[in-house]
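Participant: Sequence unavailable; structure follows:
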């Protein structure tokens, strides 16, 4: 391999759909999908006379994003109109922020731990700005002669995070997107669903002659629009890297242009050149007063920011003795970690608490297709979680009974031991009661007993199963083991 | 009961509540009047006879609200009009544009909802200049509106239909919109009372936007009290309009509820008592060159009377006024160019048949749907916002706009001896002959010089008749310019002026069919 002749320079513009209940400028639900044009109103469908009103939660989430990325928060920012015509843009303009945006000048240290062969260690990526804007609807090109427009997405709140041109490889850019997604998921700012377009990005890329230590004038860049997976970010950037290098090395002049990425062929094609770039005619949106808030509003949001993800992970795997996998899931969301910790404050068993969340609670949330946050708040607050853990810990109920009764536990107000008692499933830790079941099981299966005694000790689990069946899972497993061994090995 | 239409709104409501006549009778009286006058006046785009009669029958069956509930329905049974740019659910809202000829909104504007709740019966949707762009109501795809005083003359604009309708007795009051004088100037030219409220006082939700930072909705009526009664109903904060002012942010100002009380005070008290200590500014820039002599003479006479009754007249200067016209046409057109972008032929309104492609759909729909004046403003606004021109035009204009407001803040600063109100004519000319400036849009723009300033600075303006011009015998309007959110003081003064000024009466033609003079 020859010495690198060219240095790649990449900057990203990342669009993130943020998790508000309603849209940015109206009260329609902010939710993916739905029958076309069912989540619309006069405002987000651009009916004549309709006017926008700003969603305050969106402002709070944009500030939260800015604080997480170390930005300066502007107490005064302005929404502008960005004019262009397209059928999925009902007002004929997008409402976005030009000058000043809500956040400016932040930083993000890219962790290169998972990037073997990275030629820079933990580079710092500067954030140029973060601004708020509304998403467009969707065009569905149904046939050659007909296109359909679905405005359900129109008006969805976005934050756009613009980095400085601080990436030096496609891999860095893709890895940034991964880590940014992790951070925003952790902070509950977005659902991070890439397939549904919750995070999309534009890649700005150029090459310049390589100098030891970097630097020099930027080359002519191209912008690849609307990439919605980590792989496509990397592939598109790599394709551009090669295309630009070939052009430069064969002496062709590059043109500043906007390009489109085709994931099937892995290549990009030119959509328009700089001359063809639209004039968006930005000007302050006269329907929206400037966004003005106080420093104390910012301070409150800052105070509510959780412990940093990395630190939390270390604490969970160290002090609390959780497996890396368990800790990883819990710190994937600050809300989930907070839930875990709130329950842990009420009783002392981290492993059981984590086990219950990961083994029972989260699977039930996915089965019901609901946000964990909803069940946490309404059905299974930390106090109930802690109580349930304590019941397990004290041996009042077995894991198996909890498994069977968990749905009922979530839906009702009875605590787990009451439910178990009603069904006669309280864990039997009384050895005389269990002893009878053990003796019955051995008597009913003389062949297996003989085999066990002949050295086939694996059959112990067979007997445990028999006893468990008789006791409907309410037998204390440790005790059953002990009793079986005692009687089989006598 | 056939001449109920001639009553004042206040008197009508009183009679309706005392069951002296029914809502149906009131509606029928207006409908008969519409039938007699409309063929040559052309003040209405839609006449909602059936719906109005059905609503009237319902209201009659229920009977007037109990005395203690009367306050909740201050316009109970009053036949009213709406400028055809204000949404009334289920009734087409054309904006006098070919583009919107068949457009039926599925929601009420906030002002419409408030009027409904107050008991108003909507009888007509009034003609206007297309998308409220114009000063004569000649730019309507439904044809021009005649002036009830002389059908050969214009009615002013863009709320010319609303003004003519009210003056002709078709309805007791109507709503207009005022972006650069579109309520006050037609009120002046037809001899009725029109109020442009402080920007933010009345919700714009459901009113098709022209210049968003200029537009205000306001009433047109036949006298100051009627105007105040309608204004009280439509004014007040609305969370659906982000520019709507929360009155609690203005502790220094009078709430809407004071407006009628203050108006009645102006009507009832001795003028001398009301005018004691009132300082009235006479801005030299509004009384200078360019005014027709008959306008100046007529508009000045109420000022002299006010002085005789104890008010203090003070000369005032608003030096930035000389830039107002340019600033207004840059900024309002810029806003309009993007406000009208939603009329693209994709979702509603005019759609070109068999377009070659998407671009052709846009070009053809908009070229076919928009009239000449609207296209001119879109071009002007698009240019002013274009890359490389923004700083020279829009940004500069926005800076001058601030200077203009500073001029007004100084003139109206009570703490340092400034004025309570400023008085000026509303138009340099009385209503002119239709078609006069057809080929000369710039001259028509210049006719707005006396009204646009208030829209630039966001302050309220009340226009009322000062008399008839000596030469043309057409109405001359006097404009009261007030402090922010101080409509009550303006209405009170308006009521005094109304008392001190000889009534211009109704156009003679109102006694029968309208005659061309």
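Facilitator: Done, it's in. Note that this is a predicted model, so its numbers are computed, not measured.
Participant: who in chain A is up against chain B?
Facilitator: A:42, A:45-54, A:81, A:83, A:85, A:87, A:90-93, A:149, A:279, A:281-283, A:286-289 (Cβ under 8 Å from any Cβ of the partner chain). Just so you know, the C-beta spots here come from the backbone N, C-alpha and C atoms, and that holds for glycine as well.
Participant: among these, which ones are buried?
Facilitator: Buried members of the residues of chain A next to chain B, scored by 16 or more other Cβ atoms under 10 Å in any protein chain shown, are A:42, A:45-54, A:81, A:83, A:85, A:87, A:90-93, A:149, A:281-283, A:286-288.
Participant: Just the ones of the residues you listed in strands?
Facilitator: Among these, the members falling in strands (DSSP state E) are A:81, A:83, A:93, A:149, A:283.
Participant: which two from those end up farthest apart in space?
Facilitator: A:149 and A:283 (26.0 Å; Cβ to Cβ).
Participant: Go through the residues of chain A next to chain B and flag which are in helices.
Facilitator: Applying DSSP state H to the residues of chain A next to chain B, no entry is found in helices.
Participant: how near is residue B:505 to residue B:148?
Facilitator: 12 Å (Cβ to Cβ, to the nearest Å).
Participant: what about the two, which has more around it?
Facilitator: Per other Cβ atoms under 10 Å in any protein chain shown, whichever of residue B:505 and residue B:148 has more neighbours is residue B:148, with 30 against 10.
Participant: Distance of that one relative to residue B:44?
Facilitator: Taking Cβ to Cβ, one finds residue B:148 at 13 Å from residue B:44.
Participant: Residue A:377 now?
Facilitator: Taking Cβ to Cβ, one finds residue A:377 at 56 Å from residue B:44.
Participant: And residue A:229, by the same measure?
Facilitator: 58 Å.
Participant: Of those two, which one has the most company?
Facilitator: residue B:44 (26 against 16).
Participant: which residue sits closest to the more buried one, ignoring its sequence neighbours?
Facilitator: Spatial nearest neighbour of residue B:44, chain neighbours left out: residue B:124 (4.2 Å); criterion: Cβ to Cβ, 6 or more residues apart in numbering or on different chains.
Participant: pLDDT at the one you found, what is it?
Facilitator: Here, the pLDDT recorded for residue B:124 equals 98.
Participant: doesn't residue B:51 make contact with it?
Facilitator: No - with contacts defined as Cβ atoms under 8 Å, residue B:124 does not count as touching residue B:51, sitting 11.0 Å away.
Participant: So those two - more neighbours on which side?
Facilitator: Shown here are residue B:124 and residue B:51; by other Cβ under 10 Å, residue B:124 has more neighbours (28 against 16).
Participant: element containing the more buried one?
Facilitator: In the assignment (DSSP states H and E), residue B:124 maps to strand B:121-126.
Participant: One more: residue A:328?
Facilitator: With DSSP H and E as the criterion, residue A:328 is inside helix A:324-330.
Participant: how much space is there between the residue nearest the centre of chain B and residue B:194?
Facilitator: The centroid of chain B falls nearest to residue B:183 when counting by Cα atoms, centre = their mean (2.1 Å). To residue B:194, residue B:183 is 4 Å away according to Cβ to Cβ.
Participant: shared neighbours of those two, which are they?
Facilitator: B:159, B:176, B:218, B:220, B:463 (Cβ atoms under 8 Å, 6 or more residues apart in numbering or on different chains).
Participant: Where neighbours are concerned, which of those residues has the most?
Facilitator: residue B:159 (39 neighbours).
Participant: got a pLDDT number for that residue?
Facilitator: Looking at residue B:159, the pLDDT reads 97.
Participant: and the residue of the stretch 301-450 of chain B found nearest chain A, backbone torsions?
Facilitator: In the stretch 301-450 of chain B, the residue that lies nearest chain A is residue B:341 (2.3 Å; Cβ to the nearest Cβ). Main-chain dihedrals, residue B:341, degrees, to the nearest 10: phi -70, psi -30.
Participant: go on, residue A:279?
Facilitator: The phi/psi pair for residue A:279 (degrees, to the nearest 10) is phi -90, psi 110.
Participant: Contact partners for it?
Facilitator: Residue A:279 neighbours (Cβ under 8 Å, 6+ apart): B:386-387.
Participant: Contacts for the top helix by length along chain B next, please.
Facilitator: Ordering each helix of chain B by length in residues (DSSP H) puts helix B:23-41 first. The contact list for helix B:23-41, computed with Cβ under 8 Å, 6+ apart, reads B:1-5, B:12, B:16, B:43-44, B:47, B:49, B:52-53, B:55-57, B:59-60, B:76-79, B:121, B:123-124, B:145-146, B:148, B:151, B:164-165, B:168-172, B:512-514.
Participant: So how do I select the buried members of the residues you listed in PyMOL?
Facilitator: Buried residues within these, by 16+ other Cβ under 10 Å, are selected in PyMOL with:
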select buried, chain B and resi 4+5+12+16+43+44+47+49+52+53+55+56+59+60+76+77+78+79+121+123+124+145+146+148+151+164+165+168+169+170+171+172+514
